[in-house]
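Novice: Give me a model of this one.
(chains A, B, C and D)
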2 protein chains.
Amino acid sequence: MKELSGKQADILEFLRKFLEEKDYPPSIRDIQEGCGISSTSVVDYNLRKLEEKGHIRRDREISRGIELLGARGRRPRILEIPVLGSIAAGQPIPVPSSERWSNDSEETVAVTEDMVRGRENVFALRVKGTSMIEDLIDDGDIVFLEPARSASNGDRVAVWLKDRGEVTLKRFYHEGDRIRLQPANSTMEPIYTAPGNVEIQGRFISSFRPS
Amino acid sequence: MKELSGKQADILEFLRKFLEEKDYPPSIRDIQEGCGISSTSVVDYNLRKLEEKGHIRRDREISRGIELLGARGRRPRILEIPVLGSIAAGQPIPVPSSERWSNDSEETVAVTEDMVRGRENVFALRVKGTSMIEDLIDDGDIVFLEPARSASNGDRVAVWLKDRGEVTLKRFYHEGDRIRLQPANSTMEPIYTAPGNVEIQGRFISSFRPS
DNA sequence: AGTTCGTGCGAACATCCGTTCGGTGGGTGG
DNA sequence: CCACCCACCGAACGGATGTTCGCACGAACT
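Specialist: Numbering: from 1, shown residues only, chains lettered A, B, ... in the order given. A predicted model of the protein is given here:
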């Protein structure tokens, strides 16, 4: 990539600022004024240069048809993950699967899609307590889950215990005619229950520990 | 917030799609064609309604002066955190502080600013090994650090050990005339060294465990 | 029936805006 | 010196675009 002139760097910087502020690209004359350039043709000239050098993309004949390329311009896919509540504190959580959580005045966490790797309908829960401490999931962590109705042995899942009316995060084991829900905390006992009593809500994907 | 008519929902949906694709807002006539509306004035009319209802913001007299409000439109502050390398595997890492990491062909991780809470110049490292396992930092985790030259007792810091020429993530303790670098792994021994031999690179902020 | 209001239509207008073109000046190489 | 290229300038052209205005149609209400 060639070196760019002072004027071109100015324009690029102006583009970033403008986009940051207004959320739509500047017109050529906006750039002209913003960078103190005397003619629109000069802007056009340098814009072409910038396009040749791969910093921007232009849609000809279209007003404000400038797209900023590169890390700062290309907006990464952002997903707003709803934080549906807390888990392992004994509180029931609403079921996310088929629900439309459209008018969510609830809390959300924005993450980039690398964190959920293309999975669908991911939701998040705030972890209360240390029942999964040995799986390196601490109190206060945020766990990301994908909706699931079934699990394999050893999966970390959020399950609803019908008789208790609560949801908890545990490792899941199917043992003969019963289910073992194993906390990852040696001071805590596993929960044994009948398959009919558990309803799997989601499967663990990843976790984040805020500062 | 009032209910919006079918046409208004169409327009809103078209706005999202268009922005997603082109990275600049559509013109009124783009919307007209895209939504199969017969007149530009109808688009204008519904756009005004959408503005009243708080879904968009318009800059009058400006082409494509439409800003999408709300979760999907308002782009959260995204930070591209450079992943400078791995840590605790004994590899030296470049110092991030005053360097300009502008032409970073290196790997980056995009995160929302909640994850670093307004800190400056945050960088990230990929954790190799389990030396901090008891601090719930596992092999493969990504840790976020802020540049720092000093630390308080108990801080988790990335330090450069001059004599070994390597960087490691440990808990930091200043004990009299020596420094103790304590792994959070009972099978591993602390490192004792002279204050002059350690150079603190960064302080632990938060961590993320990919799936 | 008459009125009002929300919504839609089509056309015209004024401006915004990308593009083009002729021209200038400085630097470089023949 | 001349030719050539790069960067720049000013003006004008024409298409793109936001805005406005008169009108129409149906639903709700008096």
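
Novice: Can you show me the helices along chain A?
Specialist: Counting by DSSP state H, the segments of chain A that form helices are A:6-22, A:28-34, A:40-52, A:70-73.

Novice: Out of those helices, the one nearest B:A124 is which?
Specialist: The closest of these to B:A124 is helix A:70-73. By CB to CB, the value is 14.7 Å. All C-beta spots, glycine's among them, are computed from the backbone N, C-alpha and C.

Novice: Give me the average confidence score over that closest one.
Specialist: Per-residue pLDDT over helix A:70-73 has a mean of 58.

Novice: Ok, stretch A:18-35 next?
Specialist: Per-region confidence: stretch A:18-35 scores 92 on mean pLDDT.

Novice: For chain A, list the residues in contact with DNA strand D, please.
Specialist: Residues of chain A found near DNA strand D (CB under 7 Å from any atom of the strand) are A:5, A:7, A:37-42, A:45-46, A:49, A:61-63.

Novice: For chain A, which segments are assigned as strands?
Specialist: Residue ranges of the strands in chain A, as given by DSSP state E, are A:56-58, A:66-68, A:78-87, A:108-112, A:123-127, A:142-147, A:156-161, A:166-175, A:178-182, A:191-193, A:198-209.

Novice: for those strands, which one ends up most surrounded?
Specialist: strand A:123-127 (a mean of 24; mean count of other CB atoms under 10 Å in any protein chain shown).

Novice: so how far is that one from its chain's centroid?
Specialist: Here strand A:123-127 shows a centroid-to-chain-centroid distance of 12 Å under the convention CA atoms, centre = their mean, to the nearest Å.

Novice: could you dump it to CSV, C-alpha only?
Specialist: Once side chains and other backbone atoms are set aside, the C-alpha atoms of strand A:123-127 remain, and they are given as CSV (Å, rounded to 0.1, in the frame of the first residue of the first chain):
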residue,chain,number,x,y,z
PHE,A,123,-28.6,-15.5,25.3
ALA,A,124,-26.7,-14.7,28.4
LEU,A,125,-27.0,-15.1,32.1
ARG,A,126,-25.2,-13.6,35.0
VAL,A,127,-23.8,-16.2,37.3
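
Novice: who does that strand pair up with?
Specialist: Each strand pairing with strand A:123-127, determined using DSSP bridges, is listed with its direction: strand A:78-87 (parallel), strand A:142-147 (antiparallel).

Novice: Mind putting those into JSON lines with distance to A:I205?
Specialist: Compiled in JSON lines, the strands paired with strand A:123-127 are given as follows (distance: least, CB to CB, whole Å):
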{"stretch": "strand A:78-87", "distance to A:I205": "10"}
{"stretch": "strand A:142-147", "distance to A:I205": "5"}
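
Novice: Ranked by average pLDDT, which of these falls at the bottom?
Specialist: strand A:78-87 (a mean of 75).

Novice: now that strand, how far from the centre of its chain.
Specialist: Once both centres are worked out by CA atoms, centre = their mean, strand A:78-87 turns out to sit 9 Å from its chain's centre.

Novice: and that strand with strand A:166-175, angle?
Specialist: Calculated by axes from the mean of the first three to the mean of the last three CA atoms, to 10 degrees, strand A:78-87 forms an angle of 90 degrees with strand A:166-175.

Novice: quick one, strand A:78-87 and strand A:156-161 angle?
Specialist: With the same axes, to 10 degrees as the basis, strand A:78-87 and strand A:156-161 are set at 50 degrees to each other.

Novice: lowest-pLDDT helix or strand in chain A?
Specialist: Considering only helices and strands, the least confidently modelled element of chain A by mean pLDDT, DSSP states H and E is helix A:70-73, at a mean of 58.

Novice: As a quick check, tell me the outermost residue of chain A.
Specialist: A:S38 (43.8 Å; CA atoms, centre = their mean).

Novice: Among the strands of chain A, single out whichever gets nearest to B:E20.
Specialist: Set against B:E20 and scored by CB to CB, those come closest in strand A:78-87, at 11.1 Å.

Novice: give me the number of residues near the closest residue to A:K162 other than its chain neighbours?
Specialist: The shortest distance from A:K162 to any residue that is not its chain neighbour, by CB to CB, 6 or more residues apart in numbering or on different chains, is 5.1 Å, and that residue is A:N197. For A:N197, the tally of surrounding residues (other CB atoms under 10 Å in any protein chain shown) stands at 15.

Novice: Next one: A:N197 relative to chain B, how far apart?
Specialist: 28 Å (CB to the nearest CB, to the nearest Å).

Novice: which residues sit in contact with that residue?
Specialist: For A:N197, the contacting residues are A:L161, A:K162, A:D163, A:I179, by CB atoms under 8 Å, 6 or more residues apart in numbering or on different chains.

Novice: My read is that A:P25 contacts A:S63, right?
Specialist: No: at 9.1 Å, A:P25 and A:S63 do not qualify as touching, with contact defined as CB atoms under 8 Å.

Novice: Find the residues that touch each one of those two.
Specialist: With contacts defined as CB under 8 Å, 6+ apart, the residues shared by A:P25 and A:S63 are B:R64.

Novice: of those two, who's got more company?
Specialist: Set side by side, A:P25 and A:S63 give different neighbour counts by other CB under 10 Å, the larger being at A:P25 (24 against 14).
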